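> quick one: sequence and predicted model below, then my questions.
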Amino acid sequence: MNTKGLGRPIIREIVKIVEETELTKTFYFNGEGLFAKPGQFYMLWLPEIDEKPISACITNIEEGFIGLSIKKVGRFTEEIQQRKIGDKVGIRGPFGKGFNHEKGRKAIFIAGGIGIAPIRSIFDLLKKEQEELVLIYGAQTDSDLVFKEYFTQFTNNVTYCTDDGSFGYHGFPTDILRNFLEKEIKKGGELNYSIYGCGSELFLKAVLDLIASIDQSLLTHTQLSLADRYMRCGVGLCGSCIIDDTGLSVCKDGPVFTGEILAKTTDFGIYGRNPDGSKSKIQPHY
């Protein structure tokens with residue numbers, strides 16, 4: 001049993017804050033002892049408030065900092081967004097299994113809402129090594145899209161989607177993914193792609209079902225982050241993030257799982273877990 005991080009959180013001072021959108025800010029910290037692999041997460045602690053899982057977003061080992069992008073969605077995130085430069089928080093981790101870089105395959109990144117945060121971490125790794133990067137990113141409206149200017153510095157193959165048509169394609173990222181893969185099939189070539197995804201679980205279920213309908217063999221090369229799931233301890237002890245009755249826990253065995261594994265589960269995209277471990281129907285959101 002991996003008990004790394006069960007002790008006291010590392011107390012770190014906020015050294016920089018970037019307001020990405022009206023609802024999302026990125027908080028920067030000294031990264032010494034905290035550097036994460038793409039797709040891993042931290043447990044962020046606000047004294048007298050709560051502790052919540054936050055995906056690793058920006059890791060800059062050369063300059064010695066990490067960045068956590070946080071969207072305001074509830075009491076905890078409202079509290080963290082009130083913090084200023086110089087304020088201190090507690091950080092445990094990094095935890096979990098992240099994305100696996102499949103060398104020799106082209107990369108497709110697909111994200112919904114704040115799910116772009118862990119996607120940026122794997123994008124940053126692969127932008128140094130691969131020439132062909134495809135990014136498909138959707139949100140409810142233009143003001144919810146994060147890092148728009150950032151990604152276009154490194155690839156021309158970026159498609160933004162909004163539910164209301166306020167920016168980019170008026171529709172869903174899965175529409176763009178379907179069109180892209182079908183065009184590749186018509187070219188007669190092999191679908192030599194790794195697909196990296198993160199977003200709400202209903203969004204990821206739609207991505208998984210689409211990929212399965214087009215080419216079952218791509219499921220092995222599809223990696224989806226279930227960082228949206230409720231996680232409490234971070235190390236697989238409490239059982240609050242168990243998938244099905246398989247014993248797989250999102251915090252320890254994930255949050256990144258292959259499409260092949262997720263396709264064999266029965267709860268994925270249908271039932272999540274409440275804080276007491278009971279199942280609840282997953283509700284749509286970005």
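Perfect, thanks for sending it. Residues are numbered from 1 along each chain as shown.

> got a list of contacts for the helix or strand bottoming out on mean pLDDT in the chain?
Least confident helix or strand, the chain: strand 271-273 with a mean of 82, by mean pLDDT, DSSP states H and E. Contacts to strand 271-273, defined as C-beta atoms under 8 Å, 6 or more residues apart in numbering, come from residues 201, 229-230, 240-242, 279-282. All C-beta atoms are positioned from the backbone trio N, CA, C, and that covers glycine.

> so where is the stretch 1-150 of the chain shaky, pLDDT-wise?
Applying pLDDT under 70 to the stretch 1-150 of the chain picks out residues 1-7.

> could you pull out the strands for it?
10-13, 16-19, 24-30, 41-46, 50-55, 58-60, 65-71, 88-95, 106-112, 133-139 (DSSP state E, counting those that start in this stretch).

> nearest to L208, of these?
Set against L208 and scored by C-beta to C-beta, the strands of the stretch 1-150 of the chain come closest in strand 106-112, at 10.8 Å.

> now, of the contacts of strand 271-273, which are buried?
201, 229-230, 240-242, 282 (16 or more other C-beta atoms under 10 Å).

> just checking: what are the partner strands of the least confident helix or strand of the chain?
Strands that pair with strand 271-273, judged by DSSP bridges, come out as strand 279-281 (antiparallel).

> in the sheet, who's paired with K88?
Under the criterion used here (DSSP bridges), K88 is bridged to E13.

> domain ranges for the protein?
10-95, 106-281 (automatic domain parsing).

> burial of G197, as a residue count?
27 (other C-beta atoms under 10 Å).

> in the helix or strand containing it, what's buried?
Following DSSP states H and E, one finds G197 within strand 193-198. Buried residues in strand 193-198, counted by 16+ other C-beta under 10 Å: 193-198.

> which positions within stretch 77-88 qualify as buried?
For stretch 77-88, by 16+ other C-beta under 10 Å, it's 77, 79-81.

> thinking again about what came up before, dump the strands of the stretch 1-150 of the chain to a markdown table, plus distance to V146.
Listed next are the strands of the stretch 1-150 of the chain as a markdown table, based on distance: least, C-beta to C-beta, whole Å:
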| stretch | distance to V146 |
| --- | --- |
| strand 10-13 | 22 |
| strand 16-19 | 10 |
| strand 24-30 | 5 |
| strand 41-46 | 17 |
| strand 50-55 | 12 |
| strand 58-60 | 12 |
| strand 65-71 | 7 |
| strand 88-95 | 21 |
| strand 106-112 | 9 |
| strand 133-139 | 8 |
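
> tell me which of these lies nearest to P255.
With C-beta to C-beta as the measure, strand 41-46 is the member of these nearest P255 (6.3 Å).

> so that closest one versus strand 88-95, what angle?
160 degrees (axes from the mean of the first three to the mean of the last three C-alpha atoms, to 10 degrees).

> report the angle between strand 41-46 and strand 65-71.
70 degrees.

> for A206, what are phi and psi?
Phi and psi for A206, reported as degrees, to the nearest 10, are phi -60, psi -40.

> again with the one 4 residues further on
Backbone dihedrals for L210, given as degrees, to the nearest 10, come out at phi -60, psi -50.

> so where does the closest residue to it other than its chain neighbours fall, helix or strand?
Among residues not flanking L210 along the chain, T174 sits closest, at 5.2 Å (C-beta to C-beta, 6 or more residues apart in numbering). T174 is part of helix 173-186, with elements assigned from DSSP H and E.

> okay if I get the buried residues of strand 193-198 as TSV plus distance to N30?
Output for the buried residues of strand 193-198, formatted as TSV (distance: C-beta to C-beta, whole Å):
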residue	distance to N30
Y193	36
S194	32
I195	34
Y196	28
G197	30
C198	26
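
> for the residues you listed, which one is nearest E129?
S194 (12.2 Å).

> tell me the pLDDT at the closest one?
Looking at S194, its pLDDT is 96.

> return the residues in contact with D163.
138-141, 171-172.

> perfect, that will be all.
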